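J.: Got a predicted structure plus its sequence, pasted below:
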Amino acid sequence: MAARRFSEEPAFVLHRYDWSESSLVLEVFTRHHGRIALVAKGVKRPTSQFRPVLLPLQPLHLSWGGEAEVRTLKAAQWQGGHVMPTGEALLSGCYLNELLMRLLARDDPHQGLFDHYALAVQLLAERADAQQLILRAFELLLLRDIGLLPSLAHEGNTLAGLNAADPYVLVPDSGLRVAHDDDVHVLSGEQWLALQTAMDEVGPFVATLRACAGCQQALQPQLRGLLHYHSGVRVFKTRQLMLDVQAMSRPRGSPSVAGLAADPPA
């Protein structure tokens, strides 16, 4: 029986690591097959046609074959459309990749999520001033699409509808609850409902991004808690990298990162 072949599949490289002296294993996110592993044979050789193509945050068309857990890459072409994000936007894109690596199971297709990711990467390259909103929108849609986001229209324990005027907080293991006096980061019922409505639209990414605009500072730590809870990590590597970069570039005697109002991209 001949090995299965797949051709011209839209994909992005999420991560790569050594397989041998000349080859790499790629973790890629594909539109129709989800996250899969491919071995790129000979890719580290100077003459390899894959070397300038297999870069993260670039839309690709990939072809592969095989039935094993790690398939064999046969062809790779740059799809075009936008340039790679740079600077802090590049680190934000790497953060998106880390989220997908930690939260997506292999061979679990999410076509809608693939489209959200592709749009997020494009916007990071084009709109560096909107990084925070892009990240929040993607975090919400990622959690929703893989079934880890509770309803934002109901209280978690009682399933009662939200009161638009009341404050609520998102608790990782139980969903939304009415805020207590000592809760620091809260959103009104109206804001949570607006986020849920935006995610329910036919083209939800831009709508969700806009819904985040008025509440992203309070939303960020709540989503981060939910992401940490489900990924099993206390700090994402890309966020720690940004904290380290900020610490190295900060003049001696200036306030610490913890004391700054603005958070790093992740």
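T.: Noted; the coordinates are in hand. Numbering: from 1, shown residues only.
J.: Lowest-scoring secondary structure element of this protein by mean pLDDT?
T.: helix 237-249 (a mean of 70; mean pLDDT, DSSP states H and E).
J.: Any idea what the residue nearest to G156 when sequence neighbours are not counted is bridged to?
T.: In space, and not counting its chain neighbours, G156 is closest to G175: 2.3 Å by Cβ to Cβ, 6 or more residues apart in numbering. C-beta: built from backbone N, CA, C; applies to glycine. Following DSSP bridges, G175 is listed with bridge partners V171.
J.: what's downstream of the top strand by length along the chain, the next helix or strand?
T.: When the chain is parsed with DSSP state E, its longest strand is strand 5-18. As assigned by DSSP states H and E, the chain's next helix or strand after strand 5-18 is strand 24-30.
J.: domains in the chain, as residue ranges please.
T.: 5-78, 88-259 (automatic domain parsing).
J.: which stretch in the ones you listed has the least confidence?
T.: Lowest mean pLDDT within those: domain 88-259, at a mean of 90.
J.: If you count neighbours, what's buried in stretch 80-87?
T.: Within stretch 80-87, the residues that qualify as buried by neighbour count (16 or more other Cβ atoms under 10 Å) are H82, P85.
J.: Please apply the same query to stretch 105-116.
T.: Those buried within stretch 105-116 under the rule 16+ other Cβ under 10 Å are H110, L113, F114, D115, H116.
J.: Which stretches in the stretch 151-266 of the chain count as strands?
T.: Along the stretch 151-266 of the chain, the stretches classed as strands by DSSP state E, counting those that start in this stretch are 167-171, 175-178, 187-188.
J.: For Q222, find the nearest of the ones you listed.
T.: Nearest to Q222, of all the strands of the stretch 151-266 of the chain, is strand 167-171, at 4.3 Å by Cβ to Cβ.
J.: and that closest one, how far out from the chain's middle?
T.: 22 Å (Cα atoms, centre = their mean, to the nearest Å).
J.: May I have it exported as CSV, CA atoms only?
T.: Output of strand 167-171 as CSV, limited to C-alpha atoms (Å, rounded to 0.1, in the frame of the first residue of the first chain):
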residue,chain,number,x,y,z
PRO,A,167,-18.7,43.7,37.6
TYR,A,168,-17.4,40.1,36.9
VAL,A,169,-14.1,38.3,37.0
LEU,A,170,-13.0,35.2,35.0
VAL,A,171,-11.9,32.3,37.2
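J.: what residues does that strand touch?
T.: By Cβ atoms under 8 Å, 6 or more residues apart in numbering, the residues outside strand 167-171 that reach it are 150, 155-156, 162, 176-180, 183, 185-189, 192, 222-223, 225-226.
J.: Having no further points to raise, I will conclude here.
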